[in-house]
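Here's a sequence, model it:
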Amino acid sequence: MAVVFDHPKSLLDVSTHFCPGCGHGIVHRLVCEVIDEMGIEGDTIGVVPVGCSVMSYNYFGCDVIEAPHGRAPAVATGAKRVNPDKFVFSYQGDGDLAAIGTAETVHVGTRGENIVVIFINNTTYGMTGGQMAPTTLPGQVTQTTPFGRNVETAGYPIRICEMMATHSVLPSTACRTSVRQRRRSARRSRMKRKSVACPSSRCCPLVQPTGVCLPQSPCSSSRTR
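Sure, this is the predicted structure:
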């Protein structure tokens, strides 16, 4: 009997520490499926910062570097420049990438570094209990916006994909998708394969899977007013 669905080889067989309903496990699997399909596990370097992604080295079978908060693109840049034959990706949440790491994110795109940036956008600071993040939606309830994000005082969320797409090297590889619908799984995999296989030496693909964080707190970030 033909095997049509199996555990990715490069995804380590360990119990998850993520909260029930979290989309990180889905994205982990998709990343590892692409690594397996391309046969690059031994040539891949992942870079993860502070946040819910901090324990990713427990799940990815490839080499993984731990970066300071917000600095994953900078660390990934160094890893790629000294190992130009390796496939290098960063795996970051919205609190890390769109807040403390905004400068690193913008400038890695400006330079067109040949790395892949995987941006997990769940519109909240999930690991610390569900506070407002730069990507929190207008009206969204969080621990620090119990009556919903007020755009008059907190401004509007940062639209990372749209911002990064303004770079001349990025328009075709800055893309967004959802982890909440099974029918989008094939599209997500195609996006990641396209990003990893970018032929240009000046190509910084950014893939943004979006989902809802369900932190262990009374004010679930999935609610809006």
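
pull the helix or strand with minimum mean pLDDT from the chain.
Using mean pLDDT, DSSP states H and E, the weakest-scoring helix or strand in the chain turns out to be helix 185-196, at a mean of 53.

which strands and helices sit next to the helix ranked longest in the chain?
As assigned by DSSP state H, the longest helix anywhere in the chain is helix 24-38. Applying 3 or more C-beta pairs under 8 Å, 6 or more residues apart in numbering; DSSP states H and E, we find helix 24-38 packed against strand 87-93, strand 116-120, helix 185-196, strand 206-210. (C-beta placed from N, C-alpha, C; glycine too.)

Can you point out the buried residues in the helix or strand containing residue 76?
Assigned by DSSP states H and E, residue 76 falls within helix 72-82. For helix 72-82, burial by neighbour count (16 or more other C-beta atoms under 10 Å) applies to 72, 73, 74, 75, 76, 77, 79, 80.

these two touch, right, the last one and residue 89?
No. With contact taken as C-beta atoms under 8 Å, residue 80 and residue 89 are classed as non-touching, separated by 9.6 Å.

Residues that sit against both of these two, list them.
Here residue 80 and residue 89 share the contacting residues 45, 115, scored by C-beta atoms under 8 Å, 6 or more residues apart in numbering.

State the distance from residue 120 to residue 86.
Separation of residue 120 from residue 86 (C-beta to C-beta, to the nearest Å) stands at 22 Å.
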